[in-house]
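**Student:** Here is a sequence with its predicted model. Questions after.
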Amino acid sequence: MEAEQDNSPDEGGAFAPRPPCLASVDFEEVFVQSEVGMALVSPNGRLLRVNGALCQLLGRSAEQLLAATLAELIPVDQQPVVEALIAQARAGSLGLKAEMRNDRPDGTSVWVLINTFAVLDADGRSSVIVLHYQDITERRLAEEQLGASERRFRSLVHNISETVSLMDAEGRILMTTGDFKPIMGYPSSFWEQRSAFDLTHPDDAPRILDGMARVLANPGVEVTDELRARHADGHWESLQITGVNLLDDPDVGGLVVTTRNITEMKQAQQVAAGQSRVLELIARGESLHETLAAVCTMVQENADDATPAILFVEDDRLIVRAGGLPQNLVDAVALDEDWRQNTTCGRAISTGHAVFVDDVTTDPFVAKNRSLLTEAGFRSIWAYPVIDSSTERILGSFVTLSTERRRPSLHEQRVTDIATRLVAIAVERDSAQANMAHQATHDSLTGLPNRTLLLDRLEQAVKRGTRLNRPVAAMFLDVDRFKVINDSLGHTVGDALLVSFAHRLAAAVRPEDTVARFGGDEFVVLCEDVYDEAAVRAVAKRVTVALDEPFPVVSGGEVFLTASIGLAIADDRPRTAESLLRDADAAMYRAKEKGRDRLEVFDADMRAASLLRLSLENDLR
């Protein structure tokens, strides 16, 4: 007897005829009373019946659910899953499950786990499919939060500079955040069961092993130290490590070691220290050679195989001032007349840009000096121009040679850039000090030594002459009637004539003689290594002959200048610079008294006359 179909609302609140094969009382009670959402679906995906738990779960009434197909209740991106599920159930597959999202009319979503099984008719065909809906929203949210937390953790590990590792008591790495990124250029597989000390610099190993012992002896106490470790490409990196002994912690069971790469920080500290040393030498006014040597040391400290040298251009000649180049290479560079074309430093100076020769054995530019470079063990050479910061004039070149075939690293380039600026500062400071010293001891108009430098040289000459028993002579010159020239032609023309007079005077004396401007139109010539008065008179004769030629005037015309010359010779009697100069001055005044344009030699009568004149002047007062 067939089960009677009842189209009235059932206790579950669903309207649908009950399939004959599911009309038993037991199933009915389970379907209606179940707290799990249930639905009966036709093989073609049409909802036949739903219970109240499903209506509540999906946020729809029974009428709304039964008016739609199963696919219409599922988001578009979930429909292929549902279609595959129905198709497999229709084919007789058992125990099918699928997780999917269902969107409710109020805008919220619910995640459900759907279990399916098919009810077969007498012919073994699927007559109805039973769906069980289990709310798994909380579980899915928890999984999503866990996934987000894991993604956040991975992102943190990828982006932090520190690496965290777990080691056993022997220092073998059990696990590390290197699973997420390379450490020191090595892949994560490299660290499996490897000792953390395998890559430690030999000089640092004893200290690190001592630190390991302190970690083991003090559970829970952080121990921090620094070491150098070899990178995968062969260079050394500086690391800061902090270890904590958590071997007794059941959740950890190892030594937690945090590693931080501090290479850039250490490099910056090292460069800053070297820079400070150089600036201190500059501030103290130390010699240029010592300062440049400190710059070379700073560069060497920041490159294991670097050999720096500093070369300057003076009068278009290349001169090595400091550095560690082999002497034969220095000579080859400094003496090469075509150094601008034949040397790396010459090209840097000519172009004003850095020049890198990666391999001296093949680069055609260094062909002339290739054998010298290779014999000295150098394989690459880099040159940087040294530029005056105020005038933009190229002073020279900073050259670095390496024993490896390579280009300088970014750090080495930054260090050398700092070095070239320090060199420029040192040269500018040395030049400024030299100019100040020159100005303090030389006349600003003529460039000749001034009274201060003259007295110093004269004092030294008198002492030397006394010690070696050699006469020293001083000639005091005064330009005759120079006031008339200033009053008639002006001081500008007068100054120009004094410069011309000074140049002609310096050209007339011997190279070893000193010509100084004593003041105004007065000049002094210091002569050493003269053996008699005749030798000094010969010098004085050349001076008077040189003055026979007229002096051209800028405004046109010519002017003749004459000078009254007084000569004093330091004989075997004790003399001082001031007394010698005073005697020469007295002789000059005698020359003026006798008509000017002549030479007078000081004698004892002049000294007596001078004393008498001074006594008379005092008495007249």
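**Tutor:** Now that the structure is in, tell me what you want to look at.
**Student:** Stretch 288-297: how far from the chain's middle?
**Tutor:** 19 Å (Cα atoms, centre = their mean, to the nearest Å).
**Student:** For that stretch, list the C-alpha coordinates in CSV.
**Tutor:** Output of stretch 288-297 as CSV, limited to C-alpha atoms (Å, rounded to 0.1, in the frame of the first residue of the first chain):
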residue,chain,number,x,y,z
LEU,A,288,100.1,66.9,4.9
HIS,A,289,102.0,63.6,4.5
GLU,A,290,100.8,62.3,7.9
THR,A,291,97.2,63.3,7.2
LEU,A,292,97.2,61.6,3.8
ALA,A,293,98.7,58.5,5.3
ALA,A,294,95.8,58.4,7.7
VAL,A,295,93.4,58.7,4.8
CYS,A,296,95.1,55.7,3.2
THR,A,297,94.8,53.7,6.4
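**Student:** what comes up buried for it?
**Tutor:** 288, 291-297 (16 or more other Cβ atoms under 10 Å). The way it works is simple: take the backbone N, C-alpha and C, and place the C-beta from them, glycine included.
**Student:** Find the residue at the geometric middle of this protein.
**Tutor:** Nearest to the geometric centre of the chain sits residue 414, at 3.1 Å (Cα atoms, centre = their mean).
**Student:** can you tell me the helix or strand for that one?
**Tutor:** helix 410-441 (DSSP states H and E).
**Student:** list the buried ones in that helix?
**Tutor:** Neighbour-count burial for helix 410-441, counted by 16+ other Cβ under 10 Å, picks out 412-413, 415-416, 418-430, 441.
**Student:** before we move on, the earlier item: now pLDDT, secondary structure and distance to residue 341 too, for the buried residues of stretch 288-297, in CSV please.
**Tutor:** Output for those, formatted as CSV (pLDDT from 0 to 100; DSSP: H, G, I helix; E, B strand; the rest coil; distance: Cβ to Cβ, whole Å):
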residue, pLDDT, secondary structure, distance to residue 341
288, 87, helix, 28
291, 90, helix, 30
292, 89, helix, 26
293, 88, helix, 29
294, 91, helix, 32
295, 91, helix, 27
296, 89, helix, 26
297, 89, helix, 31
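**Student:** who does the host helix or strand of residue 128 pair up with?
**Tutor:** Using DSSP H and E, residue 128 sits within strand 126-135. Strand 126-135 sits in its sheet next to strand 37-41 (antiparallel), strand 109-120 (antiparallel), going by DSSP bridges.
**Student:** Take those strands and write them to a markdown table, including distance to residue 386, mean neighbour count and mean pLDDT.
**Tutor:** A markdown table is the format used below for those (distance: least, Cβ to Cβ, whole Å; neighbours: other Cβ atoms under 10 Å; pLDDT from 0 to 100):
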| stretch | distance to residue 386 | mean neighbour count | mean pLDDT |
| --- | --- | --- | --- |
| strand 37-41 | 84 | 23 | 87 |
| strand 109-120 | 70 | 17 | 82 |
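**Student:** Mind putting these into TSV with distance to residue 172?
**Tutor:** Shown next, in TSV, are the strands paired with strand 126-135 (distance: least, Cβ to Cβ, whole Å):
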stretch	distance to residue 172
strand 37-41	54
strand 109-120	44
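**Student:** So which of those is nearest residue 399?
**Tutor:** Comparison of those against residue 399 by Cβ to Cβ identifies strand 109-120 as nearest, at 70.6 Å.
**Student:** ok, and the closest non-adjacent residue to residue 229?
**Tutor:** residue 199 (4.5 Å; Cβ to Cβ, 6 or more residues apart in numbering).
**Student:** I meant to write residue 215 there.
**Tutor:** Closest residue to residue 215 in three dimensions, ignoring its sequence neighbours and counting by Cβ to Cβ, 6+ apart: residue 243, at 4.3 Å.
**Student:** Please name the bridge partners of that neighbour.
**Tutor:** residue 223, residue 257.
**Student:** how near is it to residue 230?
**Tutor:** The spacing between residue 243 and residue 230, counted by Cβ to Cβ, to the nearest Å, is 20 Å.
**Student:** Mind checking the strands paired with strand 126-135 for the one nearest to residue 82?
**Tutor:** Nearest of the strands paired with strand 126-135 to residue 82, taken as Cβ to Cβ: strand 109-120 at 8.1 Å.
**Student:** How far off centre is the closest one?
**Tutor:** That offset, for strand 109-120, works out to 66 Å (Cα atoms, centre = their mean).
**Student:** One more: stretch 546-559?
**Tutor:** Distance, stretch centre to chain centre, for stretch 546-559: 60 Å (Cα atoms, centre = their mean).
**Student:** Show me the contact partners of that stretch.
**Tutor:** 485, 489, 493, 496-497, 500-501, 504-505, 507-508, 560-563 (Cβ atoms under 8 Å, 6 or more residues apart in numbering).
**Student:** Please pick the buried ones from the residues you listed.
**Tutor:** The buried subset of the contacts of stretch 546-559 - by 16+ other Cβ under 10 Å - is 485, 489, 493, 496-497, 500-501, 505, 508, 561, 563.
**Student:** Quick check: the farthest pair among the residues you listed?
**Tutor:** Using Cβ to Cβ, the pair of these lying farthest apart is 489 and 508, separated by 23.9 Å.
**Student:** List phi and psi for residue 102.
**Tutor:** phi -120, psi 130 (degrees, to the nearest 10).
**Student:** What sits closest to it if chain neighbours are left out?
**Tutor:** Excluding its sequence neighbours, the residue lying closest to residue 102 (Cβ to Cβ, 6+ apart) is residue 110, at 5.3 Å.
**Student:** show me the contacts for the one you found.
**Tutor:** Contact analysis of residue 110 by Cβ under 8 Å, 6+ apart lists 57-59, 101-102, 104, 135, 137.
**Student:** got it, and residue 247?
**Tutor:** Residue 247 sits next to 169, 219, 253-255 when contact means Cβ under 8 Å, 6+ apart.
**Student:** so which of those residues is the most crowded?
**Tutor:** residue 255 (25 neighbours; other Cβ atoms under 10 Å).
**Student:** And the contacts of residue 110, which of them are buried?
**Tutor:** 57-59, 102, 135.
**Student:** Where does residue 318 fall, secondary structure wise?
**Tutor:** Per DSSP H and E: strand 317-323 holds residue 318.
**Student:** mind listing what that strand pairs with, with the direction of each?
**Tutor:** Partner strands and pairing direction for strand 317-323 (DSSP bridges) are strand 306-314 (antiparallel).
**Student:** So what touches the strand it pairs with?
**Tutor:** 292, 295-296, 299-300, 318-325, 330, 333-334, 345, 349, 378, 386, 394-402, 412, 416, 419, 423, 427.
**Student:** Give me the buried subset of those residues.
**Tutor:** Here, 16+ other Cβ under 10 Å leaves 292, 295-296, 299-300, 318, 320-323, 325, 330, 333, 345, 349, 378, 386, 394-402, 412, 416, 419, 423, 427 buried among the contacts of strand 306-314.
**Student:** Find the residue closest to residue 415 in space, skipping its chain neighbours.
**Tutor:** Among residues not flanking residue 415 along the chain, residue 302 sits closest, at 4.5 Å (Cβ to Cβ, 6+ apart).
**Student:** Equivalent analysis for residue 96, please.
**Tutor:** Leaving aside its sequence neighbours, residue 96 sits nearest to residue 116 (Cβ to Cβ, 6+ apart; 4.5 Å).
**Student:** And that neighbour, how close does it get to residue 540?
**Tutor:** Distance from residue 116 to residue 540, by Cβ to Cβ: 131 Å.
**Student:** List the buried residues of stretch 466-482.
**Tutor:** Quick answer for stretch 466-482 (16+ other Cβ under 10 Å): 471-480, 482.
**Student:** Residue 568 reaches residue 576, doesn't it?
**Tutor:** No: look at residue 568 against residue 576 with Cβ atoms under 8 Å: they stay out of range, at 11.8 Å.
**Student:** what about these two, which has more around it?
**Tutor:** For residue 568 versus residue 576, neighbours defined as other Cβ under 10 Å are more numerous around residue 568 (28 against 13).
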